[in-house]
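>>> one predicted model, sequence on top.
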Amino acid sequence: MAKVVVIGGGAGGMLCGIIAARHGHTVSIYEKNDKLGRKLFITGKGRCNLTNASENPEEFLDQMTSNKKFLYRSFYQFSNQDVMDFFVELGVPLKTERGGRVFPVSDRAGDIIGALEKELIRQKVSIYRNREVRSLWIEEEYLKGIVLKDGKKKGADRVVVATGGISYPATGSTGDGYQFAMEAGHKIISPSPALVPLETKEEFVKELQGLSLKNVRITVKEGKKELYKGFGEMLFTHYGISGPLVLSASSFLTKRKGKAPIKILIDLKPALTLEQLDARIQRDFKKNGKKQFKNGVMELFPSKLIPIMIKLSGIESERKICNITREQRLHFAREIKNMTLEIKGTRGFQEAIVTKGGVCVKEINPSTMESKLVKGLYFIGEVLDIDALTGGYNLQIAWSSAFAAGSHL
């Protein structure tokens, strides 16, 4: 049996340590924070959306936004159902919410971390907190172990890099794994923030700060090219837009090829066709014909949105509704179906849920997570160039890749 060192005590690192120990290996986890699972603690707003309950494997894997095919082999070794069974066996009851999101019944991420820590102890895994790894210990192209920050060397037969990406750096994800990979000769796909809020050019978003819109449809376009389309919930902020729908859209912005501006079209009434919406507006106009325009559209939008939509309509707010022309009314309906914002850029890694980019997966064995360049070296989780949409899918990447590595050390 092998002497195994896992660098990083996050979701993937902990699970990999458990699985490796269950296979009879001697396992040590080195974590530079004072606690394990720092990032896991804040996932799902502290509730820990640990996977998604989707029953169709293909639909599940379609939620990957990069290198979907790479995940196939590890996912089928340790699927979303396997993850749920695993935590129930560890004594954590689970529940499934809207969109198939799976949480602990307690709504506490701490219960997931606690269960993993308890099992690590039961499996006699050595845990070293506040112990930062400086580099890999490689001599004459052979992996010997790791070198700690204080210069001490720790020998190992196998090393698993589970350091995460560079999103939420305050949790300890500071890109160390990329440096380790490059030391071993691996190519790094340039990291960028993913599942991240977006900044817009329009100043009026500041007036909408805090407004949440449910059941809207957004379309992201680069010129005439459609990059993303989705339905759900979004939020206005002082710098632009956020919320589940926008976070998902952000993961597709890296696919842009040209320099055409990126625009987001918001359909505020997706349940209605343009014709149906116009008929609805006509009914409201007929009922409120003698009122000023600004007072006759109260039922169409949340109050915060009304002055903005009036500006975008181009109709004077004081104009009597009975004096609004057919052309003006149709233009107003089109604005409701296509409220347009131009994207200035994304927020930084400090606000990104995950990192897009990382260790090139072409250089990693998808069944075992072992490096194709250095024998005995493994990479799992967010340090790899693979990411997904929101809804528990990114943690599944960590669990599946960790299980694959832990099972094949």
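Good, I have the coordinates. Residues are numbered from 1 along each chain as shown.

>>> contacts and neighbour counts: CA atoms only from here.
OK.

>>> and the residue of the chain positioned farthest from its centre, which of the three is it?
Going by CA atoms, centre = their mean, the residue of the chain most distant from its centre is residue 290, 49.2 Å out. Under DSSP: H, G, I helix; E, B strand; the rest coil, residue 290 falls in the coil class.

>>> can you check residue 226 too?
Here residue 226 is strand, with the state taken from three-state DSSP.

>>> nearest spatial neighbour of it, skipping sequence neighbours?
In space, and not counting its chain neighbours, residue 226 is closest to residue 220: 5.9 Å by CA to CA, 6 or more residues apart in numbering.

>>> also residue 163?
Counting by CA to CA, 6+ apart, residue 163 lies nearest to residue 8, which is 4.8 Å off, once chain neighbours are set aside.

>>> the residue farthest from the centre of the chain and residue 324 touch, don't they?
No - using CA atoms under 8 Å, residue 290 is not in contact with residue 324, being 11.0 Å away.

>>> quick one, helices of the stretch 201-350 of the chain?
244-250, 274-287, 306-313, 326-337 (DSSP state H, counting those that start in this stretch).

>>> what about residue 260, distance to residue 230?
Distance from residue 260 to residue 230, counting by CA to CA, to the nearest Å: 21 Å.

>>> ok, back up a step: quick one: which of the helices of the stretch 201-350 of the chain is nearest residue 364?
helix 244-250 (26.4 Å; CA to CA).

>>> quick one: average pLDDT of that closest one?
Model confidence over helix 244-250, given as mean pLDDT, is 94.

>>> how far away from the center of its chain is it?
Distance of helix 244-250 from its chain centroid, counting by CA atoms, centre = their mean, to the nearest Å, is 9 Å.

>>> for that helix, packing partners?
Applying 3 or more CA pairs under 8 Å, 6 or more residues apart in numbering; DSSP states H and E, one finds that helix 244-250 contacts strand 198-200, strand 225-236.

>>> single out the most deeply packed of those strands.
strand 198-200 (a mean of 22; mean count of other CA atoms under 10 Å).

>>> strands paired with that strand, and their directions?
Sheet pairing of strand 198-200 (DSSP bridges) gives strand 240-242 (antiparallel), strand 339-346 (antiparallel).

>>> buried set for stretch 276-292?
Across stretch 276-292, burial judged by 16 or more other CA atoms under 10 Å covers 277, 278, 281, 282, 284, 285, 288, 289, 291, 292.

>>> and the contacts of that stretch?
269, 296, 297, 317, 318, 319, 320, 321, 322, 329, 330, 333 (CA atoms under 8 Å, 6 or more residues apart in numbering).

>>> ok so, going back, deepest-packed of the strands paired with strand 198-200, please.
Buried most deeply of these, by mean count of other CA under 10 Å, is strand 240-242, with a mean of 25.

>>> so what touches that strand?
196, 197, 198, 199, 200, 201, 202, 205, 206, 234, 235, 236.

>>> I'd like the mean pLDDT over stretch 268-285, please.
96.

>>> residue 99: neighbour count?
11 (other CA atoms under 10 Å).

>>> and it, that one's in a helix?
Yes - under three-state DSSP, residue 99 falls within a helix.

>>> test my guess that it contacts residue 390.
No - using CA under 8 Å, residue 99 is not in contact with residue 390; the gap is 10.0 Å.

>>> quick one: buried residues of the lengthiest helix in the chain?
Longest helix in the chain, counting residues (DSSP state H): helix 393-408. Buried residues in helix 393-408, counted by 16+ other CA under 10 Å: 393-407.

>>> helices or strands next to that helix in the packing?
helix 11-22, strand 51-52, helix 68-77, helix 80-89, strand 387-388.

>>> pLDDT score for residue 172?
If you check residue 172, the pLDDT there is 72.

>>> what about it, distance to residue 300?
For residue 172, the distance to residue 300 - CA to CA - is 46 Å.

>>> of these two, who's got more company?
residue 172 (21 against 15).

>>> gap between the more buried one and residue 196?
From residue 172 over to residue 196 the distance is 18 Å, taken as CA to CA.

>>> repeat for residue 397
Distance of residue 397 to residue 196, given as CA to CA: 18 Å.

>>> show me the shaky parts of the stretch 51-200 of the chain.
Within the stretch 51-200 of the chain, not a single segment meets pLDDT under 70.

>>> swap in 80 and give it another go.
Scanning the stretch 51-200 of the chain for pLDDT under 80 picks out the ranges 168-173.
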